[in-house]
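Visitor: One predicted model, sequence on top.
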Amino acid sequence: MKHIFVTGGVVSSLGKGLAAAALGRLLENRGLKVVMQKFDPYLNVDPGTMSPFQHGEVYVLNDGTETDLDLGHYERFTSGQLTRHNNLTSGQVYLRVIEKERKGDYLGKTVQVVPHVTDEIKARIALVEQEQPDSHVLITEIGGTTGDIEGLPFLEAIRQFILERGPSNAMVMHVTLVPYLKAAGELKTKPSQQSVAKLREIGLQPQVLICRTEEPLNRDVRAKLSTYCNVPQKAVIELRDVESTIYEAPLMLRKECLDDVVCEILRLDDAPPAEMTEWERFVKRVKHPKKAAKIAFVGKYTDLQDAYKSVYESLAHAGASHDCRAEVHRIDAEKLEVDPSAAEELLGDFTGVLVPGGFGERGIEGKVVAARYARENQLPYLGLCLGMQIATIDFARHVCGFERANSTEFDPKTPHPVICLLEGQKNVKGKGASMRLGLSTAVLKEGSLTAQVYGRPEVQERHRHRYEFNMKYREAMEAKGFVISGTSPDGTLVETIELRHHPWFVACQFHPEFLSKPNAPHPLFRGFIGACLAHAS
Ligand code: GLN
């Protein structure tokens, strides 16, 4: 297997994950089988316990692993299905080394970063190789920025690995920033030079430079980067800020011949040029939509671009499939909470309401106001995970008359716990990986809108939540028009709901946003955008 290590320099948030994923797409379209993984230098075992304010979205895999949002890019851009072995954190590495030390695996030895920690990192690469024996290329992104203390053991492990495998089998692609200084009227290469120098200090020489820039790189700048960073000129690759859609990145990198350069370095000679016609068609639809759907997105972390990454991407995929731009307007749930009478003013202009997932009490009442508004005004509603719990609370309170109905997450003393923990969950104390996580099956009710939207009687979706619909309320709520349209195969857990007297009100306990792909939009998002368009006309 050939290896590409993706590092980042100068600043964080350079879009390393995106560049890595875009390269993955290009190589796949050359007929190569690609696997992707991420190394995260932080000490958390996984990002599941981090706030979205710290870390952005927690992306969940089929096997229930809570991972970095870059794995979302990998799964959306490439066809690979990732597992818990595709995201390694320093926390996991040290945990394993210390467990081994306690067991006596290193008996007699002093346990050190080199070789014990670095060996553990290399062992993970070997494990992925073993698991995917028919893959041609493994792309490994290293989180953080070159120069970070935490990143050093990973870079050292990569140095050793490249030495062991040889330069035509393993390479480094460095993503860097080439800033434009207005006052000087020119692009500056010094930060890139210095970040490459930092890599070389560790013993790593990048073979490819991906240059994030606002302005095109001219000949002189390319020549300078080539000389000072010790990279051939054709391997100085421009990646200009993508204006309208991140899905343009593979096409831009293709134009710069990135995949040719990489295939040459790694001697992947017989891979034909990347066929990008279908991808181009998708990008065209995203860039030139014929219609627009205005969606009110009522969440808590609305200021953060990354907190609901997969949801935004899923809306973009679904929009494109309708030749439509999903125009997402983020509405701060707390505004509706402070003043519920502002609902008409804040939501009246929209063609649909989406309430995404979330945790904790803040903003909850505002979201209930939004769900109620959508229900009473026949506005299409899509509820994701918490969004389903919110819709349940609204219906219980305002249609069934269950006063102060709530989830026990937000009001442990509520007289009507319509959302609660299951008996078996009540003794779980730890917070790490203690939720219902990963893929499970939902059986859909024949004739329901949900089943119709999916076009299938049974689906598998990814979960990440603790609380569940309380089946004690099923009968009373269904009598009033609440429809449980999907359950777990044994019928004990509610997976999807809808409303009988509403054109399009669907909510699910799982996270469909983790299964949407550019050219294969998720049915729930596609259905929602379709309903928004119908509402508008
Ligand atoms: N906080 C809710 C729960 O734990 C919803 C979780 C979510 O939206 N991901 O059940």
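Guide: Okay, I see it.

Visitor: Touching, V93 and E150? I think so.
Guide: No: in this structure, V93 is not within contact of E150 by C-beta atoms under 8 Å, at 10.9 Å. For every residue, glycine as well, the C-beta is placed using N, CA and C.

Visitor: Show me which of those two is the more surrounded one.
Guide: V93 (26 against 14; other C-beta atoms under 10 Å).

Visitor: Please report how far that one lies from L422.
Guide: Distance, V93 to L422, using C-beta to C-beta, to the nearest Å: 34 Å.

Visitor: repeat for E365
Guide: Relative to L422, and taking C-beta to C-beta, E365 is found at 25 Å.

Visitor: higher neighbour count, the two?
Guide: Neighbour count, other C-beta under 10 Å: between E365 and L422, E365 has more, with 18 against 14.

Visitor: three-state assignment of the more buried one?
Guide: helix (DSSP: H, G, I helix; E, B strand; the rest coil).

Visitor: Same check on H174?
Guide: Assignment for H174 (three-state DSSP): strand.

Visitor: who's it bridged to?
Guide: T7, L209 (DSSP bridges).

Visitor: Let me know how buried it is, in neighbour terms.
Guide: Neighbours around H174, by other C-beta under 10 Å: 26.

Visitor: Contact residues of this protein facing the ligand?
Guide: The chain has residues 357-359, 385-386, 409, 464-467 near the ligand, with proximity defined as C-beta under 6 Å from any ligand atom.

Visitor: among the residues you listed, which are in helices?
Guide: L386 (DSSP state H).

Visitor: Let me know whether L253 touches L239 as I believe.
Guide: Yes: L253 is within contact range of L239, at 6.5 Å (criterion: C-beta under 8 Å).

Visitor: any residues in contact with both of those two?
Guide: Common neighbours of L253 and L239 (criterion: C-beta atoms under 8 Å, 6 or more residues apart in numbering): 19, 210.

Visitor: Am I right that I121 sits in a strand?
Guide: No: counting by three-state DSSP, I121 falls outside a strand, being helix.

Visitor: so who does the closest residue to the ligand within the stretch 251-400 of the chain touch?
Guide: Using C-beta to the nearest ligand atom, G357 is the residue of the stretch 251-400 of the chain that sits closest to the ligand, at 2.8 Å. G357 sits next to 384-387, 464-465, 511 when contact means C-beta under 8 Å, 6+ apart.

Visitor: Just give the nearest non-adjacent residue to the residue in the stretch 101-250 of the chain that the ligand sits nearest to, would you?
Guide: Closest to the ligand within the stretch 101-250 of the chain is G143: 23.1 Å, counting by C-beta to the nearest ligand atom. Spatially, and ignoring its direct neighbours in sequence, G143 is nearest to D40 (4.3 Å; C-beta to C-beta, 6 or more residues apart in numbering).

Visitor: Can you pull the poorly scored residue ranges out of this structure?
Guide: 301-304, 423-434 (pLDDT under 70).

Visitor: and the host helix or strand of A22, what does it pack onto?
Guide: Here A22 sits within helix 16-28, counting by DSSP states H and E. Helix 16-28 sits against strand 2-8, strand 34-40, helix 70-77, strand 137-142, strand 170-177, helix 249-255, helix 258-265, with contacts defined as 3 or more C-beta pairs under 8 Å, 6 or more residues apart in numbering; DSSP states H and E.

Visitor: L209 reaches K234, doesn't it?
Guide: No: L209 is beyond contact range of K234, at 10.7 Å (criterion: C-beta under 8 Å).

Visitor: quick one, which of these two is more surrounded?
Guide: Neighbour tally, L209 and K234, criterion other C-beta under 10 Å: the higher count belongs to L209, 26 against 15.

Visitor: Contact partners for the more buried one?
Guide: Going by C-beta under 8 Å, 6+ apart, the list of residues near L209 reads 173-174, 176, 192, 196, 225, 229, 231, 235-237.

Visitor: Ok, which of the helices and strands packed on helix 16-28 comes nearest K309?
Guide: Nearest of these to K309, taken as C-beta to C-beta: helix 70-77 at 6.1 Å.

Visitor: could I get that closest one in PDB with only the CA atoms?
Guide: Extracted C-alpha coordinates of helix 70-77, given in PDB (Å, rounded to 0.1, in the frame of the first residue of the first chain):
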ATOM      1  CA  ASP A  70     -12.800  15.600   9.000                       C
ATOM      2  CA  LEU A  71     -13.900  12.000   8.800                       C
ATOM      3  CA  GLY A  72     -17.200  13.400   7.500                       C
ATOM      4  CA  HIS A  73     -15.300  15.000   4.600                       C
ATOM      5  CA  TYR A  74     -13.600  11.700   3.900                       C
ATOM      6  CA  GLU A  75     -16.800   9.800   3.800                       C
ATOM      7  CA  ARG A  76     -18.600  12.400   1.700                       C
ATOM      8  CA  PHE A  77     -15.800  12.800  -0.800                       C
END
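
Visitor: Show me the contact partners of that helix.
Guide: 16-18, 20-22, 24-25, 36, 38, 57, 59, 61, 80-82, 86-87, 141, 143, 250, 309-310, 313, 514, 516-518.

Visitor: for stretch 295-310, same thing?
Guide: So stretch 295-310 is in contact with 52-53, 56-57, 59, 69, 72, 311, 315, 326-334, 336, 346-347, 350-356, 358, 360, 362-363, 366-367, 370, 511, 513-514, 516, 532, going by C-beta under 8 Å, 6+ apart.

Visitor: Narrow these to those in helices?
Guide: 52-53, 72, 311, 315, 333-334, 336, 346-347, 366-367, 370, 532.

Visitor: What is the neighbour count of D241?
Guide: D241: 9 neighbours (other C-beta under 10 Å).

Visitor: How about it: what's its closest non-neighbour residue?
Guide: E214 (5.4 Å).

Visitor: can you tell me which residues contact that neighbour?
Guide: Here E214 is in contact with 179-180, 240-241 (C-beta under 8 Å, 6+ apart).
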